[in-house]
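*Asks:* Need a 3D model of the sequence below.
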Amino acid sequence: MSAMSDFLELKILDHITGTASYTAPSAVYLGLSTGDFTDTGSGSSELTGNNYSRVSVAFDAAASGATSNTSAIDFAAASGNWGTVSHWALFDAATSGNALITGSFSASKTIETNDVLRIAAGDLDLTAA
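*Replies:* This next block holds a predicted model:
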């Protein structure tokens, strides 16, 4: 399940109503957390350290209110314990930036030293309802 962040909701409303233009980001990056990012995009702390960094993700064009990642998403091998990863967010920058869409994984995964988190092509689903 996915939800737009408050930031993105306002940008889209302003764009649609003509009060301000919104330029889509040139790339989006997947960030991970051990808790809910919430609609603000900052409800939980994003992972840090232990060789963690956001990963760029490409998506198919949306159809029937949904889209998914076009290729596998591979995070670098953890150099230490990341904890139990349960939530994700798409950001408009590799570091800092704004959360755009947030969600939770269907199953949590504990990432320990040398583990690699991999999301297969087509397994990160975004829906608009």
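*Asks:* Residues in contact with the particular helix or strand that has Ser56 in it: which ones?
*Replies:* Per DSSP states H and E, Ser56 falls inside strand 55-57. Residues outside strand 55-57 that contact it (Cβ atoms under 8 Å, 6 or more residues apart in numbering) are Ala27, Val28, Tyr29, Leu30, Asn69, Ile73, Asp74, Phe75, Leu90, Ala94, Leu124. For the C-beta atoms, the positions are set from N, CA and C on the backbone; glycine is no exception.
*Asks:* Just put the residues you listed in JSON lines and tack on distance to Glu112, secondary structure and neighbour count.
*Replies:* Formatted as JSON lines, the contacts of strand 55-57 follow (distance: Cβ to Cβ, whole Å; DSSP: H, G, I helix; E, B strand; the rest coil; neighbours: other Cβ atoms under 10 Å):
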{"residue": "Ala27", "distance to Glu112": "29", "secondary structure": "coil", "neighbour count": "12"}
{"residue": "Val28", "distance to Glu112": "27", "secondary structure": "strand", "neighbour count": "20"}
{"residue": "Tyr29", "distance to Glu112": "23", "secondary structure": "strand", "neighbour count": "19"}
{"residue": "Leu30", "distance to Glu112": "20", "secondary structure": "strand", "neighbour count": "19"}
{"residue": "Asn69", "distance to Glu112": "24", "secondary structure": "strand", "neighbour count": "19"}
{"residue": "Ile73", "distance to Glu112": "19", "secondary structure": "strand", "neighbour count": "19"}
{"residue": "Asp74", "distance to Glu112": "17", "secondary structure": "strand", "neighbour count": "11"}
{"residue": "Phe75", "distance to Glu112": "13", "secondary structure": "coil", "neighbour count": "21"}
{"residue": "Leu90", "distance to Glu112": "25", "secondary structure": "strand", "neighbour count": "27"}
{"residue": "Ala94", "distance to Glu112": "24", "secondary structure": "coil", "neighbour count": "14"}
{"residue": "Leu124", "distance to Glu112": "22", "secondary structure": "coil", "neighbour count": "21"}
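*Asks:* got TSV for the residues you listed, with pLDDT too?
*Replies:* Converted to TSV, the contacts of strand 55-57 look like this (pLDDT from 0 to 100):
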residue	pLDDT
Ala27	97
Val28	98
Tyr29	98
Leu30	98
Asn69	97
Ile73	98
Asp74	98
Phe75	98
Leu90	96
Ala94	97
Leu124	96
